[in-house]
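> Need a 3D model of the following:
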Amino acid sequence: MSLSRVIYDPFSEFDRLFDEAFNARTGGGTNGNRQVAERDNAPKSMRPRMDVHEDAQSNTVLATFELPGLKKEDVNIDVHNNMLTVSGESKLSSERDENGYAVRERRYGKFSRSIPLPQGIKGEDIKASLENGVLSVTFPKTTPEQAPKKIAIN
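Coordinates of the predicted model:
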């Protein structure tokens, strides 16, 4: 006999609405971003939660991704066409005996999340760390050469 458990995620609709609003605000409808959006259509159970915070004092953006149980070897961070993509593969399984029953839980699958980067961000400007299942990626909002410059009229 096999027991199957379906996990309902009440926040999946909220995530979809947030992603649509975020893409609309950052130009997610352009051809370059549409390809990334298509890759983000992973099943909701394999789509890690993401938070993005701006720090005005240090002029940085911090993106955090929930990746419980994953090691840094299981996660890839790529930058292409001003898009930061965090992807990887989850291969978690556990077995235990509970009240005379063998309980086996498995979570396999690939995931991918993408966010747009400001123009001019270089790979060396991006810092990442993975600690206790939380991936933190930090990058500057704008680079000094992108800062607006005042031009005097002669």
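> Packing partners of whichever strand or helix holds Leu84?
According to DSSP states H and E, Leu84 maps onto strand 83-98. Here strand 83-98 touches helix 31-39, strand 75-80, strand 101-116, strand 134-140, going by 3 or more C-beta pairs under 8 Å, 6 or more residues apart in numbering; DSSP states H and E. (Glycine included, C-beta is placed from N, CA and C.)
> Could you rerun that using 7 Å?
Under the contact criterion of 3 or more C-beta pairs under 7 Å, 6 or more residues apart in numbering; DSSP states H and E, strand 83-98 touches helix 31-39, strand 75-80, strand 101-116.
> and it, which residues are buried?
Buried residues in strand 83-98, counted by 16 or more other C-beta atoms under 10 Å: 83-88, 90.
> What's opposite Glu89 in the beta bridge?
Lys110 (DSSP bridges).
> Surely it is in contact with Glu73?
No: in this structure, Glu89 is not within contact of Glu73 by C-beta atoms under 7 Å, at 10.2 Å.
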